[in-house]
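> Got a predicted model here, sequence first, then my questions.
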Amino acid sequence: MLTIYFSGTGNTEYLARLFSNQMDAACLSIEDDANFTSEIKKHDTIAFCYPIYGSRVPRIMREFVIKHMSDFSGKRLIILVTQVLFSGDGARVFTDMFRDGAIEVIYAEHFYMPNNVTNVAILPGWLISDKVISKLNEKAERKMTTVCNNIEKGKVKKRGFCIGSRISGLLQAWMVPLMEKHANKSVKISAECDICGICATDCPMKNLAIENNSVIHKHNCTVCYRCVNECPKKAITVAHHGKVRKQYKRKCEPL
């Protein structure tokens, strides 16, 4: 089994490593310098882990899957999604990228994780208090143990595949293309920026760069909020430009 994940600020990486440790699976980030075609061909079962944005797979993960589409033909898939509130069919929408019969989903589950979008009013900063983070971690670990036990027993569960989840997903998904388009045009760097270069180094899309002694963006944002949460000066905002009062930086690692 191989786990492939994308993580903006650490929640999904935590989940992917937790799953891989329990299932004794190989684990790769789509940002790793790896021969993914070779790695995928070695395994019959692929577990995908990603954060869901309004019941839509992040663009960086969509582009990765499209690039390797032929490699996944005939594979069994496990889909594990991280979410803050409720994504509806966050796991099911992943399958929209594949033609019918190309893959077999044997398990799908959603996990509530801490909020990493901390400058938007509807996602308040208290969602990343130490108490809330600890409670969500404990719940995720318990749920992951159940997921792994079910998979080992051959039990099939597909969270987000029912009609109610699909309707809920549709009510959210319409806004995400608009958000992605807006983010590509609207990354702001305030005067507090000291040009440390952390954002340019860590951006998974290489959307940020230092030119002429300033940080510029190249209109290629996947809205992962990594730069917003890692900037030492809280000088970067993406799409929504409310003041960054708190930042979320994943600290705990799975056992």
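Arrived safely, thanks for sending.

> how's this structure carved up into domains?
Under automatic domain parsing, the residue ranges defining each domain of the chain are 2-173, 185-238.

> Relative to residue 246, which of the ones you listed is closest?
Nearest of the domains of the chain to residue 246, taken as C-beta to C-beta: domain 2-173 at 4.3 Å. In this view, the C-beta of every residue, glycine as well, is placed from N, C-alpha and C.

> Roughly how far does the residue nearest to residue 190 when sequence neighbours are not counted sit from residue 221?
Closest residue to residue 190 apart from its sequence neighbours, by C-beta to C-beta, 6 or more residues apart in numbering: residue 235 at 4.6 Å. Spatial separation of residue 235 from residue 221 under the definition C-beta to C-beta, to the nearest Å is 16 Å.

> Just want to know which of these two has more residues nearby.
With other C-beta atoms under 10 Å as the criterion, residue 235 and residue 221 differ in neighbour count, and residue 221 comes out ahead with 27 against 20.

> secondary structure class for the more buried one?
coil (DSSP: H, G, I helix; E, B strand; the rest coil).

> The chain should start at 661 in everything you say after this.
Renumbered: residue one is now 661, and that last one reads residue 881.

> Correct me if wrong: it contacts residue 842.
No: taking contact to mean C-beta atoms under 8 Å, the distance of 9.3 Å between residue 881 and residue 842 leaves them out of contact.

> Which neighbours do these two have in common?
residue 899 (C-beta atoms under 8 Å, 6 or more residues apart in numbering).

> mind listing what the residue lying closest to residue 689 once chain neighbours are set aside touches?
Setting aside the residues directly before and after it, residue 689 is nearest to residue 665 in space (C-beta to C-beta, 6+ apart), at 5.8 Å. Taking C-beta under 8 Å, 6+ apart as the contact definition, residue 665 lies against 672, 673, 675, 676, 687, 688, 689, 690, 708, 709, 710.

> Which residues does the helix or strand where the third one lies contact?
Think residue 675. Using DSSP states H and E, residue 675 sits in helix 671-683. Contacts of helix 671-683 with the rest of the structure, by C-beta under 8 Å, 6+ apart, involve 661, 663, 665-667, 685-687, 689, 707, 709-711, 740, 742, 771, 773-774, 776, 800-801, 804-805, 807-808, 811-812, 910, 912-915.

> What about the residues you listed, which are in helices?
Using DSSP state H, 800, 801, 804, 805, 807, 808, 811, 812 are the members of these that sit in helices.
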